[in-house]
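In: just to be clear, the model below is a prediction. Sequence and coordinates:
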Amino acid sequence: MKLATWNVNSLSVRLPQVLAWLADNPVDAIGLQELKLVDEKFPFDALQAAGYHAASFGQKTYNGVALLSRSPLRDVVRNIPGHEDAQARVIAATLDTPEGPLRLVNCYFVNGQAPGSDKFAYKMLWLGALHRWLKEEMAAHPRLVLVGDFNVAPEDRDSFDPVGLKDTIHHTVEERTHFQALLGLGLTDAFRLFEQPEKSFSWWDYRMLGFQKNRGLRIDHILVSDALRARVSACSIDRQPRKNPQPSDHAPVVVTLG
């Protein structure tokens, strides 16, 4: 079973690329972030024609998340229950697999802009709410996978310039502590279960030849629960879509279970 995550940075712009990628990489399910469109404009028909059920949680201009799956999605939850939030950042659903139900949680984590800003304070509150809710979700769903654009580079090796960017957004102690707290719930960073090439990143700035110079960050992650950890057989970043004309600034991350 293959699961993926991809911040597409506008699904209306990137839909042809998403469809082409799914045709070449027929994953069982994928979480998309930064849809930047409302649910009424979500391309359900095009994705159904490609063989995918879909659940979306859109928002005009900003944010927005969706789940696509070869099998039907049930028990869909949008945003963090009990946490009031005007921004569309979380969607979760259960997939019925031959090995049993699998809970897939897809998040577009808050960027946070800069330490000390109002947006950073919002990020801290959001991360706290996510942690509390995921603890409940994992108790109810032992087979759980958390995917998304986390907007956190967990370690220095996840940044092209860990010294120059120390204590800046994505690199702060506070953000990394929250990431470690998610692992403390019983989740594992699937990418780090394997030897990976140095300077493996999932996001590159459009500016200053960021991709061409590999000035990137690894901020897109797939975390698996303890019940699934032994089943993880591969996890990789697919850089190819970042080479497309008009690409997203993020690349897909794919995990193989079993």
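Out: Cool, got the structure. Residues are numbered from 1 along each chain as shown.
In: got the phi and psi for the closest residue to Met208 other than its chain neighbours?
Out: Closest residue to Met208 apart from its sequence neighbours, by Cβ to Cβ, 6 or more residues apart in numbering: Arg215 at 7.1 Å. Quick note: C-beta positions are derived from backbone N, CA and C, even for glycine. Per-residue torsions, Arg215: phi -90, psi 80 (degrees, to the nearest 10).
In: pLDDT weak spots in the chain?
Out: Applying pLDDT under 70 to the chain flags no residue at all.
In: please report how far the closest residue to Arg89 other than its chain neighbours lies from Val65.
Out: With Cβ to Cβ, 6+ apart as the criterion, Arg89 has its nearest non-adjacent residue at 4.8 Å, and that residue is Tyr108. Plainly put, Tyr108 is 5 Å away from Val65 if you go by Cβ to Cβ, to the nearest Å.
In: need the overlap of contacts for those two.
Out: Counting by Cβ atoms under 8 Å, 6 or more residues apart in numbering, the contacts common to Tyr108 and Val65 are 33, 88-90, 148.
In: got a markdown table for these, with secondary structure and neighbour count too?
Out: Converted to a markdown table, the shared contacts of Tyr108 and Val65 look like this (DSSP: H, G, I helix; E, B strand; the rest coil; neighbours: other Cβ atoms under 10 Å):
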| residue | secondary structure | neighbour count |
| --- | --- | --- |
| Gln33 | strand | 30 |
| Ala88 | coil | 23 |
| Arg89 | coil | 26 |
| Val90 | strand | 24 |
| Gly148 | strand | 26 |
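In: does Lys166 sit in a helix, a strand or a coil?
Out: Three-state call for Lys166 (DSSP: H, G, I helix; E, B strand; the rest coil): coil.
In: around it, how many other residues sit close by?
Out: The local packing of Lys166 (other Cβ atoms under 10 Å) involves 12 other residues.
In: and the helices in the stretch 51-200 of the chain?
Out: Counting by DSSP state H, counting those that start in this stretch, the stretch 51-200 of the chain has helices at residues 118-140, 173-184.
In: bridging residues for the residue nearest in space to the middle of the chain?
Out: Centrality entry for the chain: nearest residue to the mean C-alpha point is Gly148, 1.0 Å, by Cα atoms, centre = their mean. For Gly148, the beta-bridge partners are Cys107, His221 (DSSP bridges).
In: circling back to that earlier point, can you list the shared contacts of Tyr108 and Val65 in TSV and add distance to Val8?
Out: Shown next, in TSV, are the shared contacts of Tyr108 and Val65 (distance: Cβ to Cβ, whole Å):
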residue	distance to Val8
Gln33	7
Ala88	14
Arg89	15
Val90	17
Gly148	12
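In: now for these: which two are most distant?
Out: Spanning the widest gap among the shared contacts of Tyr108 and Val65 are Ala88 and Gly148, at 12.6 Å by Cβ to Cβ.
In: what touches both of these two?
Out: Common contacts of Ala88 and Gly148 (Cβ under 8 Å, 6+ apart): 65, 108.
In: what distance do you get for Cys241 to Asp24?
Out: No Cys there; residue 241 is Pro. With Cβ to Cβ as the criterion, Pro241 and Asp24 are 10 Å apart.
In: typo on my end, it should be Val76
Out: 27 Å.
In: with adjacent residues omitted, what lies nearest to Trp21?
Out: Excluding the flanking residues, the one nearest Trp21 by Cβ to Cβ, 6+ apart is Pro241, at 5.8 Å.
In: higher neighbour count, Val76 and Asp24?
Out: Comparing Val76 with Asp24 by neighbour count (other Cβ under 10 Å), the higher total belongs to Val76, at 13 against 10.
In: these two touch, right, that one and Leu95?
Out: No. Applying Cβ atoms under 8 Å as the test, Val76 and Leu95 come out as separate, 11.1 Å apart.
In: Val65 pairs with what?
Out: Gln33, Phe57.
In: who's in contact with Asn214?
Out: Contact analysis of Asn214 by Cβ under 8 Å, 6+ apart lists 160, 199, 201, 204.
In: ditto for Trp203
Out: Per Cβ under 8 Å, 6+ apart, neighbours of Trp203: 7, 149, 216-220, 249-251.
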